[in-house]
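> With the sequence up front, the predicted model follows.
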Amino acid sequence: MDGFTRDGLRFDVRDAGPAAGPAAVLLHGFPQDGSAYDAVSPLLTEAGVRVLVPDQRGYSPGARPQGRRAYAVPELVDDVVALLDTAGLDEVHVVGHDWGGAVAWAVAARRPRRVASLTVLGTPHPAAMRAGLLRGQARRSWYVGAFQVPGLPERALLAHDGARLRDALVRSGLAPHRAAQYAARMSEPGALTAALAWYRALGVPRTGSTGRVRVPTTYVSARRDPFFAPASVEATAHHVDAPFTRIDLDADHWLPEHRPADVAAAVLGQVRA
């Protein structure tokens, strides 16, 4: 399959590997797209895993609804479920990085029967992040508040052909060619506003919180990740009521792009369990 639809929105999907094998869904973060996993996917398909990598809501050109409510976590979870339904998959191994990690936690908590295992790259459990706000997480998440101002972040980040966005990504550790690629995608009409709507939707009321996770979980943390406080990382295990494995890497934030072999090994550890 090369895509799926939900509520009139069209999502692009990379689909590779044997149709009959175990399946994994890989969820990207901000400001990536499915290409973030281009070096991970072949390692999984060579091991017999079917790999589905969607460009998520706001990142697929055909799935950029207006308004922050359209990007609340329940909508993002239902997008993943719609992908599984379209692909005819009862359950999958769910993998997520950055914002994709937050979605992965939510899918596992809200739809556990659809999740064979969970592998999260970098992103602490949302409840652990909230608990860590006064222990260093608020300082690391300062940009979330800045992103709430309508229009201003878009103008600032995309000025001079996206120079500020590119520079910020490189300063966070991302390889320059990747930073240029993602900045170019965010320069598409409406793309950055849609991507920032994920952050703006954090304030949407009555959308619920991510509860405890009861599926086998691997959490891959990165010691040099500037976005997640150690307190949030350490507290994550307390929100999983299932077999839990922590893999701690001396790595930066961009695990799918820079540490694909480690990511694939973590996922395969769950697939083969």
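Nice, I can see it.
> How is the residue positioned nearest the centre of the chain assigned, secondary-structure-wise?
When CA atoms, centre = their mean is applied to the chain, the residue found nearest the centroid is Gly100 (1.2 Å). Here Gly100 is helix, with the state taken from DSSP: H, G, I helix; E, B strand; the rest coil.
> Who are the contact partners of it?
Gly100 sits next to 26-29, 32, 56, 123 when contact means CB atoms under 8 Å, 6 or more residues apart in numbering. C-betas here are computed from N, CA, C, even on glycine.
> ok, now how distant is it from Pro243?
Going from Gly100 to Pro243 by CB to CB, to the nearest Å gives 22 Å.
> With Asp161 instead?
47 Å.
> same question, Glu234
Glu234 sits 18 Å away from Pro243, going by CB to CB.
> More neighbours: these two, which one.
Neighbour count, other CB atoms under 10 Å: between Glu234 and Pro243, Glu234 has more, with 15 against 12.
> check which helix or strand covers that one.
Per DSSP states H and E: Glu234 is located in helix 230-235.
> how about the CA coordinates for the helix or strand following that helix, as CSV?
Per DSSP H and E, helix 230-235 leads on to strand 244-249 as the next helix or strand towards the C-terminus. The C-alpha trace of strand 244-249 is given here as CSV (Å, rounded to 0.1, in the frame of the first residue of the first chain):
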residue,chain,number,x,y,z
PHE,A,244,10.3,-3.3,30.3
THR,A,245,13.7,-3.0,28.8
ARG,A,246,15.8,0.2,28.9
ILE,A,247,18.6,0.7,26.3
ASP,A,248,20.7,3.7,27.1
LEU,A,249,22.9,5.0,24.2
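> could you say what helices and strands strand 244-249 packs with?
Here strand 244-249 touches strand 217-222, helix 260-271, going by 3 or more CB pairs under 8 Å, 6 or more residues apart in numbering; DSSP states H and E.
> what residues does the following helix or strand past that strand touch?
Later in the chain than strand 244-249, the nearest helix or strand by DSSP H and E is helix 255-258. The set of residues external to helix 255-258 that reach it, using CB under 8 Å, 6+ apart, is 26, 28, 32, 36-37, 39-40, 97, 121-122, 173-175, 178, 220, 222, 249, 251-252, 262-263.
> ChimeraX command to pick out the buried ones of those?
In ChimeraX, a selection of the buried entries from the contacts of helix 255-258 looks like this (16 or more other CB atoms under 10 Å):
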select :26,28,32,36,37,39,40,97,121,122,173,174,178,220,222,249,251,252,262,263
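> how about stretch 82-94: buried residues?
By 16+ other CB under 10 Å, the buried positions in stretch 82-94 come out as 82-84, 86-87, 89, 91-94.
> which residues are contacting it?
Identification of contacts with stretch 82-94 by CB under 8 Å, 6+ apart yields 1, 4-6, 11, 13, 15, 22-25, 27, 49, 52, 54, 80, 104, 107-108, 113-119, 267, 270-271.
> out of those residues, which are buried?
4, 6, 11, 13, 15, 22-25, 27, 49, 52, 54, 80, 104, 107-108, 114-119, 267, 270-271.
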